[in-house]
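In: Sharing a model that was predicted from the sequence below.
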Amino acid sequence: MPHQPDYSDSDDESIHEELETGVLLGLPDGAVTSKTDLFDPAVSRMGGLPTFLPSTSVPSPDISHCKSCREPMELLIQVWCPFEQSPMDRLLYVWGCSRAGCQRKDGSVRAYRSVKFNARFAAKLERQKQKTKEKEEAKRRAAEEEAKKKASAAPASSTVKPNPFSLSSAASGPSNPSFSSPFGSGNLFAAPSAPPPSSKKVDEEEDDDSDDDEPPATEEEINELAEALESTTIDGQSAAKSSANAATWATAPSFKPLYLSSVSEYLVPEAKPKQLIKNVKVSDGLDDLDAGSGGGRGGAGGKWKTETYEKGASTDEIFSRFSKRVVNEGKQCLRYELSGVPLPYHNDSVYKKLFAPTPSTAYNVTRPSQHATTGRTYDRSWIPKCPTCGSPRTFEAQLMPNLITVLRRAEDDAKRVKQSDVERRNELARVLLKQNPGGGGGASGTAAGSDAHKTGMEWGTCMVFSCLGDCRVAEGGSNEQVGDCWREEFVLIQWE
């Protein structure tokens, strides 16, 4: 009977547990059919028309134009992603051109960041900071009070040990006959020391996560907010200053809108057989998984803190890493990890720039002038800085190949629903007759023309790098803070 690897080593049981990374995965979650959700900028989505934050003006449609063909592009994704503990409402938009002639050209995928100062939330943050400060002060006072009581309860000469055999000790000893130890130095009849001050109230306040003392919004306020959102979105901006822009946005090309839900990423390492031979390393599968998810949790340790790749990795090996990471959740259309590490699609010029060779202390024997390399490490130092405030840009999100599939499928489903009975009969007739472009039929000529203008996106992944300072500085070199602004961010594309 052949020997079977032993996976029952109790020391390695933790290797079978799922490891949570710092990445949020965006998954499709059905069509957006609610009008309220369509108008709500806080509802993340794929496809559809963009929804804007309440503002005094509508952004120019030029921000969504392809830099290659100068035509408007479809919205690929809109994400509600305010920074933690920031008073700014924040949205990330990514547009992509689906025309065949624009693929692999600069400017065919563009990303914009929209921010707006939220005065109400800023006031809430200030209240939270004040409460946190008060809790810390209460803890400090309680600790000082406890230290004082302990000091007062301590004996005056704690360094002098009493002699248990002295007459004075025996005379002052306990008279309780049950206390038979002659060596005990404690006085059982003395008043017990005061217990430490109770910190229950402080602990209860610390566990209270409700930092908002505002009363819940009334139904009237909710309706007013919905009307305000509708008046500042592309379907109802007659009162806005840029009515022409609003009309243009309303006629922009678009995919069917789909909800975008988010889940945490979990990785399942491969089982590790018990090591039977000394000094023989058995791979546990973790090295084949992308180790750069920004300090993952769940016991992953240092293996998840930095992204490195082996020297001389071929295209298949890089793509293999990509596939092994993605297969844990095949439906993912977006990977979001602010200040994390992007997941490279394959070995191309973008990968080689983004993951620079790591110098080694060893020298090349045949060519002493050249340093050897031990692998590649993520390096964003060459990413252009924010042109408005000069802050460095950091990785924020990347679009995944499944997004193209999901948007195409939703568009095809919508076309089939809208197709009339006559169109369905004609399509069926063309299939049955097997018409071809040389047949001379009018329908076949139309089909040939549609094939010639076939559209489709060909990227493997699109990585978005945004301003780390999340600036809202006025353009033109001024340091003035504006209430709301639009800023284009940097996109790296790895093509198929």
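Out: The structure has been received and is ready for your questions.
In: Show me what the top helix by length along the chain is packed against.
Out: Across the chain, the longest stretch assigned as helix under DSSP state H is helix 119-153. Applying 3 or more C-beta pairs under 8 Å, 6 or more residues apart in numbering; DSSP states H and E, we find helix 119-153 packed against helix 200-207. For every residue, glycine as well, the C-beta is placed using N, CA and C.
In: pLDDT of the helix it packs on, averaged?
Out: Averaged across helix 200-207, pLDDT comes to 40.
In: How about stretch 252-268?
Out: Mean pLDDT, stretch 252-268: 94.
In: So for it, what gets flagged as buried?
Out: Across stretch 252-268, burial judged by 16 or more other C-beta atoms under 10 Å covers 252, 254-260, 265-267.
In: I'd say residue 261 and residue 25 touch.
Out: No. Using C-beta atoms under 8 Å, residue 261 makes no contact with residue 25, being 9.2 Å away.
In: next structured bit after the one helix or strand residue 20 maps to?
Out: Per DSSP states H and E, residue 20 falls inside strand 19-31. Per DSSP H and E, the first helix or strand lying C-terminal to strand 19-31 is helix 35-39.
In: which helices and strands does that following helix pack with?
Out: helix 219-231.
In: can you dump the C-alpha coordinates of the helix or strand that comes right after the helix it packs on into PDB?
Out: Using DSSP H and E, the helix or strand that follows helix 219-231 in sequence is helix 243-250. Provided in PDB are the C-alpha atoms of helix 243-250 (Å, rounded to 0.1, in the frame of the first residue of the first chain):
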ATOM      1  CA  SER A 243     -27.700  72.400 -17.100                       C
ATOM      2  CA  ALA A 244     -25.900  71.700 -20.400                       C
ATOM      3  CA  ASN A 245     -23.500  69.400 -18.600                       C
ATOM      4  CA  ALA A 246     -26.400  67.600 -16.900                       C
ATOM      5  CA  ALA A 247     -28.100  67.000 -20.200                       C
ATOM      6  CA  THR A 248     -24.900  65.600 -21.700                       C
ATOM      7  CA  TRP A 249     -24.400  63.300 -18.800                       C
ATOM      8  CA  ALA A 250     -28.000  62.000 -19.100                       C
END
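In: buried set for helix 243-250?
Out: Buried-residue list, helix 243-250, by 16+ other C-beta under 10 Å: 245-246, 248-249.
In: Also stretch 104-124?
Out: By 16+ other C-beta under 10 Å, the buried positions in stretch 104-124 come out as 105, 108-118, 124.
In: how about it as CSV, C-alpha atoms only?
Out: The C-alpha trace of stretch 104-124 is given here as CSV (Å, rounded to 0.1, in the frame of the first residue of the first chain):
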residue,chain,number,x,y,z
ARG,A,104,-3.8,49.5,-25.4
LYS,A,105,-3.7,53.2,-25.7
ASP,A,106,-3.1,55.8,-23.0
GLY,A,107,-6.2,57.5,-21.6
SER,A,108,-8.6,54.7,-22.6
VAL,A,109,-9.2,54.1,-18.8
ARG,A,110,-9.5,57.2,-16.5
ALA,A,111,-10.1,57.5,-12.8
TYR,A,112,-11.4,60.5,-10.8
ARG,A,113,-11.7,61.3,-7.1
SER,A,114,-14.6,63.4,-5.9
VAL,A,115,-14.5,64.9,-2.4
LYS,A,116,-16.8,67.2,-0.5
PHE,A,117,-16.4,68.6,3.0
ASN,A,118,-19.2,67.3,5.3
ALA,A,119,-19.7,69.8,8.1
ARG,A,120,-22.2,67.7,10.0
PHE,A,121,-19.9,64.7,10.1
ALA,A,122,-16.9,66.9,10.9
ALA,A,123,-18.8,68.1,14.0
LYS,A,124,-19.6,64.4,14.9
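In: quick one on the thing from earlier: okay, and which of the buried residues of stretch 104-124 map to strands?
Out: Those of these mapping onto strands are 109-117, per DSSP state E.
In: Mind picking the one among those that's closest to residue 321?
Out: residue 109 (22.9 Å; C-beta to C-beta).
In: In space, what's closest to the closest one - neighbours in sequence excluded?
Out: residue 96 (4.7 Å; C-beta to C-beta, 6 or more residues apart in numbering).
In: Please report phi then psi for the residue lying closest to residue 342 once chain neighbours are set aside.
Out: Distances taken as C-beta to C-beta, 6+ apart put residue 463 closest to residue 342, at 4.6 Å, once the chain neighbours are dropped. Dihedral angles of residue 463 (phi, psi; degrees, to the nearest 10) stand at phi -100, psi 130.
In: Hmm, the residue nearest to residue 109 is touching residue 72, no?
Out: No. Contact criterion C-beta under 8 Å: residue 96 and residue 72 do not qualify, at 11.3 Å.
In: Show me which of those two is the more surrounded one.
Out: More crowded of residue 96 and residue 72, by other C-beta atoms under 10 Å: residue 96, with 27 against 20.
In: how far away is the residue nearest to residue 109 from residue 29?
Out: 20 Å (C-beta to C-beta, to the nearest Å).
In: Kindly report the same for residue 338.
Out: Distance from residue 338 to residue 29, by C-beta to C-beta: 22 Å.
In: what do you get for residue 70?
Out: Distance of residue 70 to residue 29, given as C-beta to C-beta: 34 Å.
In: go on, residue 324?
Out: Remark: distance between residue 324 and residue 29 (C-beta to C-beta) = 25 Å.
In: and if you look at residue 463?
Out: Residue 463 is 23 Å from residue 29, by C-beta to C-beta.
In: what's the answer for residue 17, then?
Out: 27 Å.
In: Contacts only, for the nearest residue to residue 403 once chain neighbours are set aside.
Out: The shortest distance from residue 403 to any residue other than its chain neighbours is 3.9 Å, reached at residue 333 (C-beta to C-beta, 6+ apart). Counting by C-beta atoms under 8 Å, 6 or more residues apart in numbering, residue 333 makes contact with 26-28, 46, 77, 260, 399-400, 402-403, 406.
In: mind listing which of those are in helices?
Out: Those of the contacts of residue 333 lying in helices (DSSP H): 402-403, 406.
In: So how do I select the buried members of those residues in ChimeraX?
Out: Buried residues among the ones in helices among the contacts of residue 333 (16+ other C-beta under 10 Å), as a ChimeraX selection:
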select :402,403,406
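In: Would you convert the ones in helices among the contacts of residue 333 into TSV that also reports pLDDT?
Out: Shown next, in TSV, are the ones in helices among the contacts of residue 333 (pLDDT from 0 to 100):
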residue	pLDDT
402	96
403	96
406	95
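In: Among the ones in helices among the contacts of residue 333, pick out the one closest to residue 59, please.
Out: residue 403 (22.9 Å).
In: does the closest one really touch residue 397, like I thought?
Out: No. Assessed by C-beta under 8 Å, residue 403 is found out of contact with residue 397, at 11.4 Å.
In: which residues do these two both contact?
Out: Common neighbours of residue 403 and residue 397 (criterion: C-beta under 8 Å, 6+ apart): residue 334.
In: quick one, what contacts residue 379?
Out: With C-beta under 8 Å, 6+ apart, residue 379 has these contacts: 354-356.
In: Ok, residue 45 next?
Out: Residue 45 touches 32, 77-78, 257-260, counting by C-beta under 8 Å, 6+ apart.
In: out of residue 70 and residue 29, which sits in the busier spot?
Out: residue 29 (15 against 10).
In: Near the closest residue in space to residue 122 that isn't next to it in sequence, how many other residues are there?
Out: In space, and not counting its chain neighbours, residue 122 is closest to residue 87: 3.5 Å by C-beta to C-beta, 6+ apart. A count of nearby residues for residue 87, using other C-beta under 10 Å, gives 17.
In: Surely residue 87 is in contact with residue 116?
Out: No. At 9.8 Å, residue 87 does not count as touching residue 116 under the criterion of C-beta under 8 Å.
In: what mean pLDDT would you report for stretch 467-482?
Out: 79.
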